[in-house]
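Trainee: Here is a sequence together with a model predicted from it:
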Amino acid sequence: MDFSIKTTLGISSLVLCTHLPAKASDVVYAPAFCAPEHLTLVVTNKTSEPQRVWTQVRFEDEIQEMHHDIEPKSKVSLRGSEFLATKMGFSLKSWNKNTLQITASCENSPSIPLSDLTSSQVSHWLPSSVKTVKIHLLNLFLKSNKVKLKAFSRASVLIEEKELTLEKYYDTSSLKWTLPSEIARIEIEGQERLNSVLFYDQQGEEKISPALALKPVSLPADAKKTYFLVSTKESRPDEAFVIALEDTQMIATAREQIRNPQLEKIVVAGIELGHGGFNRAFLARDKSPYSWSVNRVDAFADFAHIDCDGSPDLTEERLLQKMNEGGRICFWRYRVVKELTFQEVSSGKLKP
């Protein structure tokens, strides 16, 4: 294990990370559910190759990262106090997808498999006889995020509901919720991206209920606009995002790229905060809406400056820095690959 390199990535370091190859990576999230001195992470390398994981802690417009190397077919334990100064939410990033399993535990608490789910709508399912749950919600949006909690019986009858607001980026809201009768599931619906951990008590033993995104979040796409999927041309691409066009010449140019893929045009565009009613991680497991969207396409270009290169997920990960840099994207490896219907954009379900 090597955790000797510790870096702080702020606005000035965005160029360093965005011109790296835009390969897919995994990011998992951990709400602040215990103090650093009580927190233990276990990182397991499932592969026959050495792997690396980064702890990521956010301080306003900076991300402090520390890397750890894991030998093939082995595991390491990390104490929260090695990278956290206080109780706070954080993330961990592995450069290669599906290579690491990461769990977190507090003293006298069950081990929690950390999740990459960022959907704003998830469900937690519960066994019989449960009336009390403990919920930890991590805000993954740059601004405040309103959240609704609903508790249902086994007959799908609403027992009780709550509303709360996650005020700041990467803030955790924790609550203990005791219901008047047995509950079968808790549904969590946020306005924007979030991550949740839920504990329940069963016969005196604390257990975990994982979050499940049962269907893609429905988005209020504008039926008057024309939508296109932008992704890499690999046989099994990992990331994609959506652009919305109204200009007839821009639409014609985008369609021409689909008919003639050899044109190899880069989408040069400006972005703004919020999914805009249409932008989501279409190829992700939960098809979560992004926290950003393209608000103008400046050009379909043959070349673009390296400063705005990157990928959709990397833009999400470094969104504050990207916005502070002027909010421009020009992902070198990404091309217009498919025209989308209004229904596909709204539902998150691509037709064959």
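Mentor: That came through fine. Numbering: from 1, shown residues only.

Trainee: Skipping adjacent residues, who's closest to T178 in space?
Mentor: Nearest non-adjacent residue to T178, counting by Cβ to Cβ, 6 or more residues apart in numbering: T132, 4.5 Å away. In this view, the C-beta of every residue, glycine as well, is placed from N, C-alpha and C.

Trainee: Surely E161 touches L149?
Mentor: Yes: the criterion here is Cβ atoms under 8 Å, and E161 meets it with L149 at 6.3 Å.

Trainee: neighbour-wise, which of those two wins?
Mentor: The neighbour comparison of E161 against L149 (other Cβ atoms under 10 Å) goes to L149, with 21 against 12.

Trainee: Please parse this structure into its domains.
Mentor: The chain breaks down by automatic domain parsing into domains covering 6-113, 121-209, 226-347.

Trainee: How many neighbouring residues does G276 have?
Mentor: Using other Cβ under 10 Å, G276 has 22 other residues around it.

Trainee: Does it touch Y227 like I think?
Mentor: No: G276 is not in contact with Y227 according to Cβ under 8 Å; the separation is 10.8 Å.

Trainee: Need the overlap of contacts for these two.
Mentor: Counting by Cβ atoms under 8 Å, 6 or more residues apart in numbering, the common neighbours of G276 and Y227 are A244.

Trainee: From K176, how far off is the residue nearest to T178?
Mentor: Separation of T132 from K176 (Cβ to Cβ, to the nearest Å) stands at 7 Å.

Trainee: now T103
Mentor: Computed as Cβ to Cβ, the T103 to K176 distance reads 23 Å.

Trainee: what about this structure, any weak spots by pLDDT?
Mentor: Where the chain drops to pLDDT under 70, the residues are 1-24.

Trainee: which ones are touching the residue nearest to T178?
Mentor: K176, W177, T178, L179, Y200, D201.

Trainee: tell me how far the helix or strand containing the fifth one is from the chain's mean position?
Mentor: Under DSSP states H and E, the secondary-structure element containing Y200 is strand 194-202. Between the mean C-alpha point of strand 194-202 and the mean C-alpha point of its chain there is a distance of 18 Å (Cα atoms, centre = their mean, to the nearest Å).

Trainee: Give the other helices and strands that it contacts.
Mentor: On a contact count with 3 or more Cβ pairs under 8 Å, 6 or more residues apart in numbering; DSSP states H and E, strand 194-202 meets strand 121-125, strand 132-139, strand 185-190, strand 205-209.

Trainee: rewinding a little: need the domains of the chain in a markdown table (columns: distance to V217).
Mentor: What follows is the domains of the chain, written out as a markdown table (distance: least, Cβ to Cβ, whole Å):
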| stretch | distance to V217 |
| --- | --- |
| domain 6-113 | 17 |
| domain 121-209 | 5 |
| domain 226-347 | 6 |
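
Trainee: Figure out which of those domains is closest to L219.
Mentor: Among the domains of the chain, domain 226-347 comes nearest to L219, with 5.4 Å by Cβ to Cβ.

Trainee: Give me the contact list for stretch 141-161.
Mentor: So stretch 141-161 is in contact with 128, 135, 137, 139, 162-169, 173, 177, 179-194, 273, 291, 319-320, 323, going by Cβ under 8 Å, 6+ apart.

Trainee: Please pick the buried ones from these.
Mentor: Those of the contacts of stretch 141-161 that meet the buried threshold are 135, 137, 139, 166, 169, 173, 177, 183-194, 273, 291, 319-320, 323, by 16 or more other Cβ atoms under 10 Å.

Trainee: got the residue ranges for the helices in the protein?
Mentor: Assigned by DSSP state H, the chain shows helices spanning 14-18, 248-259, 312-317, 319-324, 342-347.

Trainee: Redo those helices as a markdown table? Include distance to V76.
Mentor: Output for these, formatted as a markdown table (distance: least, Cβ to Cβ, whole Å):
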| stretch | distance to V76 |
| --- | --- |
| helix 14-18 | 24 |
| helix 248-259 | 45 |
| helix 312-317 | 23 |
| helix 319-324 | 29 |
| helix 342-347 | 41 |
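
Trainee: So for L283, which of these sits nearest?
Mentor: Among these, the nearest to L283 by Cβ to Cβ is helix 312-317 (9.2 Å).

Trainee: Return the set of buried residues in that closest one.
Mentor: P312, D313, L314, T315, E316, E317.

Trainee: Also stretch 144-163?
Mentor: Within stretch 144-163, the residues that qualify as buried are N145, V147, L149, K150, A151, F152, counting by 16+ other Cβ under 10 Å.

Trainee: Let me have the helices and strands packed on strand 194-202 in CSV, extended by distance to E49.
Mentor: As requested, the helices and strands packed on strand 194-202 are exported to CSV (distance: least, Cβ to Cβ, whole Å):
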stretch, distance to E49
strand 121-125, 32
strand 132-139, 30
strand 185-190, 36
strand 205-209, 30
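
Trainee: ok, now which ones touch the closest residue to P113 other than its chain neighbours?
Mentor: The shortest distance from P113 to any non-neighbouring residue, by Cβ to Cβ, 6+ apart, is to T103 (5.3 Å). T103 makes contact with L41, V42, S111, I112, P113, L114 under the criterion Cβ under 8 Å, 6+ apart.

Trainee: okay, among the residues you listed, which ones form the most distant pair?
Mentor: By the measure Cβ to Cβ, L41 and P113 form the most distant pair in these, at 11.4 Å.
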